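Q: here are the coordinates; sequence isn't available:
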């Protein structure tokens, strides 16, 4: 059964860092484009970052550009989102998703991991 599982969320102070992981089972991530999304309470889900299957295309939302970095480790079948200089407005549930290509709909979604940035 194809599955994505996010981990690495938690409570962090403003200015701190977290690394989120998105691990796949039942399929290999290296042939998929992977996106990270987030949804804060009372807000719509927004795209944060994505990486193409070839790693040639990376995208970051303006709100996280320069602070977040997406990467993948094919040997571990895992995609990461390194989040630095975190701000309270980064507080949200973060989800990863997999698609056959950036122009395709996302086929698989994880259950989400909570990130809370607060002093």
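A: Right, received. Where do you want to start? Keep in mind the model is a prediction, meaning the values are calculated, not measured.
Q: Spatially central residue for the chain, please.
A: residue 36 (3.0 Å; CA atoms, centre = their mean).
Q: Point me to the helix or strand that includes it.
A: Using DSSP states H and E, residue 36 maps to strand 33-39.
Q: That strand: partners in the sheet, and parallel or antiparallel?
A: strand 46-51 (antiparallel), strand 92-99 (antiparallel) (DSSP bridges).
Q: Could you check how far the nearest residue to residue 29 once chain neighbours are set aside is from residue 5?
A: Spatial nearest neighbour of residue 29, excluding adjacent residues (CB to CB, 6 or more residues apart in numbering): residue 77 at 5.3 Å. The C-beta positions use only the backbone N, C-alpha and C, and glycine is treated the same way. As judged by CB to CB, to the nearest Å, residue 77 and residue 5 stand 11 Å apart.
Q: got it, and residue 21?
A: 8 Å.
Q: got it, and residue 111?
A: For residue 111, the distance to residue 5 (CB to CB) stands at 7 Å.
Q: And residue 116, by the same measure?
A: Counting by CB to CB, the gap from residue 116 to residue 5 is 19 Å.
Q: Now stretch 40-53: buried residues?
A: Burial within stretch 40-53, assessed by neighbour count using 16 or more other CB atoms under 10 Å, is assigned to 48-53.
Q: now swap in stretch 21-40 and tell me
A: 21-24, 27, 29-30, 32-38.
Q: tally of neighbours for the nearest residue to residue 9 once chain neighbours are set aside?
A: Leaving aside its sequence neighbours, residue 9 sits nearest to residue 113 (CB to CB, 6+ apart; 3.4 Å). Residue 113: 22 surrounding residues under other CB atoms under 10 Å.
Q: same question, residue 70
A: For residue 70, the neighbour count with other CB under 10 Å is 23.
Q: burial count for residue 85?
A: The number of residues near residue 85, taken as other CB under 10 Å, comes to 13.
Q: Which parts of this structure are helices?
A: Taking DSSP state H, the chain contains no helices at all.
Q: quick one, strands of it?
A: Ranges of strands in the chain, per DSSP state E, are 3-7, 10-12, 18-25, 33-39, 46-51, 58-60, 68-73, 78-83, 92-99, 106-109, 113-117.
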